[in-house]
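> Mind looking at a prediction? Sequence and model below.
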Amino acid sequence: MTLGAIVADAATQQKQLVVYAPTETDLADRLAARNVTVDSRAPPATGVEPFIVVRDDSGFLGALSLDDLLAFLEPSRGELDELGALGSGYRAVSELLDDTVFTALDRRQLLATSREIEDRAWRTGTGTLRVGFQSSAAFQQQWPLYRRLAADTDLDVHVYTVDQPMVEDVPASLTFHVEPTPDVGRYWFLLFDGGDDDRACALVAEQRTDDSYRGVWTYDASLVNRAFDLLAGSSP
Amino acid sequence: MNLDDQATAGAEAIDLSGVVPDSDVLYNALARTERRRMLYALLEQPETTLDALTDVLAGWEATESGAVGPVRWDRLNANLVHTHLPILADADLVEYDRDTGEVSLADLSDPVREQIAFARRYEQLPRANEE
């Protein structure tokens, strides 16, 4: 059993996006890497901003402006304190597209999703955050942020790396797991149990090529719990 | 002077074929944003469904006040079923099949179509209290 099992779980779910816009959009291309279909319709009247409606087999999931969706697909990179600028629109879309299996996302998009989960953990300030870094270089870049996450909040932070990170002044609430399971090198993952806020979320992405990943992110608490269990089960 | 007199007295004849509701009925039908938006959407897409109309109203709302979720959609859907569709149907502007959820635009007369189109243009006028 590995983290990959939750990717398989989520792969069975597909969402439908309907775009209401006066002109053809390139959304179908831009969302081609995800487990969604895209249909286009004419706007309901003149002067209405383009919007999208998201459905799955159970019915309506959400509606939002095309601008909000585009902002989500091309997020600006931000530091922890600037993440609020991404706004509620960003969060709304990431929740709309939760349990979304993606077949090809690049590092930049995964970074933005990671920032979203870190930001959520930061704002919640309690709970457990387990994060896997595929290389110590990747962790080294994020070390200042993770030190703050552990030192400035009541979060219990666990960092999984393939080798010993070269860091000092490690806060007591940050635990390193340096005896890696095969999962640590293979997956880019962040699991947050939601803490007091009970808003769990997880990203699990398996590297396919140098800059291409396949995986899932989810706000489904049961799926997140399963990821925690899978990680614990695959630990030595 | 009624519209028929105008038609004979004016330079241009007004085509009154199609639905011509009583004025109070027509303007009551147009009195609410939800009903106007349904009519605009039906002019664009004359054959649709209750759920598709609810999607449109939810999406339109999302462009004004941010993302709309399922709870709000359910409320919009219920409002259409219990309030707005019956008013539009009683005005003979739309036909609504409760069993199938199908909604279609009636054969509207030209003055009614123009009135609906005017309402949309009016809504789009720049207002001093906006921005």
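The structure has been received and is ready for your questions.
> what's around A:Pro182, how many residues?
A:Pro182: 9 surrounding residues under other Cβ atoms under 10 Å in any protein chain shown. (Each C-beta comes from the backbone N, C-alpha and C, glycine too.)
> what's the closest non-adjacent residue to it?
Once flanking residues are discounted, A:Pro182 sits nearest to A:Thr2: 7.3 Å by Cβ to Cβ, 6 or more residues apart in numbering or on different chains.
> Contact residues of chain A facing chain B?
Taking Cβ under 8 Å from any Cβ of the partner chain as the measure of proximity, chain A contacts chain B at A:18, A:20, A:41-53, A:55, A:59-65, A:68, A:88-89, A:92-93, A:96.
> how distant is the longest helix that chain A contains from the center of its chain?
Assignment by DSSP state H gives helix A:107-124 as the longest helix of chain A. With Cα atoms, centre = their mean, to the nearest Å as the basis, helix A:107-124 stands 6 Å off its chain's centre.
> Same question for it: list its buried residues.
By 16 or more other Cβ atoms under 10 Å in any protein chain shown, the buried positions in helix A:107-124 come out as A:107, A:109-122, A:124.
> going on from the helix or strand of chain B with the lowest mean pLDDT, what's the next piece of helix or strand?
Averaged element by element with mean pLDDT, DSSP states H and E, chain B has its least confident helix or strand at helix B:3-9 (a mean of 54). Heading C-terminal from helix B:3-9, the first helix or strand you meet, by DSSP states H and E, is helix B:23-29.
> Show me what that next one packs onto, helices and strands only.
helix B:85-90 (3 or more Cβ pairs under 8 Å, 6 or more residues apart in numbering or on different chains; DSSP states H and E).
> name the helices or strands packed onto the helix it packs on?
Packed next to helix B:85-90, using 3+ Cβ pairs under 8 Å, 6+ apart, are helix B:23-29, helix B:33-44, strand B:94-96.
> By mean pLDDT, flag the weakest helix or strand of chain A.
Lowest-scoring helix/strand for chain A, mean pLDDT, DSSP H and E: helix A:87-96, at a mean of 61.
> for chain B, what's the longest helix?
Every helix in chain B considered (DSSP H), the longest is helix B:50-65.
> who touches that helix?
A:18, A:20, A:44, A:48-53, A:55, A:59-60, A:63-65, A:68, B:34, B:37-38, B:41-42, B:45, B:68, B:72-73, B:76-77, B:80-81, B:85, B:96, B:101-103 (Cβ atoms under 8 Å, 6 or more residues apart in numbering or on different chains).
> where does the nearest residue to A:Thr153 once chain neighbours are set aside fall, phi/psi-wise?
The spatially closest residue to A:Thr153, leaving aside those adjacent along the chain, is A:Gly125, at 4.2 Å (Cβ to Cβ, 6+ apart). Phi and psi for A:Gly125, reported as degrees, to the nearest 10, are phi 80, psi 0.
> Check A:Leu174 too.
Per degrees, to the nearest 10, the backbone of A:Leu174 is at phi -110, psi 120.
> List the contacts of A:Leu105.
By Cβ under 8 Å, 6+ apart, the contact list for A:Leu105 reads A:Ala33, A:Ala205, A:Ser212, A:Tyr213, A:Arg214, A:Gly215.
> per-residue confidence at the first one?
According to the prediction, A:Ala33 has pLDDT 65.
> What about B:Trp73, how many residues nearby?
23.
> residues touching it, list them.
A:Phe60, A:Ala63, B:Thr54, B:Asp55, B:Ala58.
> The second one in helix, strand or coil?
Following DSSP: H, G, I helix; E, B strand; the rest coil, A:Ala63 is assigned to strand.
> looking at the sheet around it, what are its partners?
A:Val53, B:Val68 (DSSP bridges).
> now it: how far from B:Asp55?
7 Å (Cβ to Cβ, to the nearest Å).
> what about the chain, any weak spots by pLDDT?
Picked chain A for this. A:1, A:32-33, A:74-95, A:97-104, A:179-180, A:234-236 (pLDDT under 70).
> should've been chain B
Looking at chain B by pLDDT under 70, you get B:1-12, B:128-131.
> Please list the residues of it that sit near chain A.
Residues of chain B lying close to chain A (Cβ under 8 Å from any Cβ) are B:37, B:40-41, B:43-45, B:51, B:54-56, B:58-63, B:66-70, B:73, B:120, B:123-124.
> most centrally placed residue in chain B?
Centroid-nearest residue in chain B, with Cα atoms, centre = their mean: B:Leu39, separated by 2.4 Å.
> What is the three-state secondary structure of the nearest residue in space to that one that is not next to it in sequence?
Residue nearest to B:Leu39 in three dimensions, not counting chain neighbours: B:Ile116, with 5.0 Å by Cβ to Cβ, 6+ apart. Assigned with three-state DSSP, B:Ile116 falls in the helix class.
> May I ask you to confirm that B:Ile116 is in contact with B:Tyr40?
Yes - contact criterion Cβ atoms under 8 Å: B:Ile116 and B:Tyr40 qualify, at 6.9 Å.
> mind checking how far B:Ser65 is from A:Phe60?
Separation of B:Ser65 from A:Phe60 (Cβ to Cβ): 17 Å.
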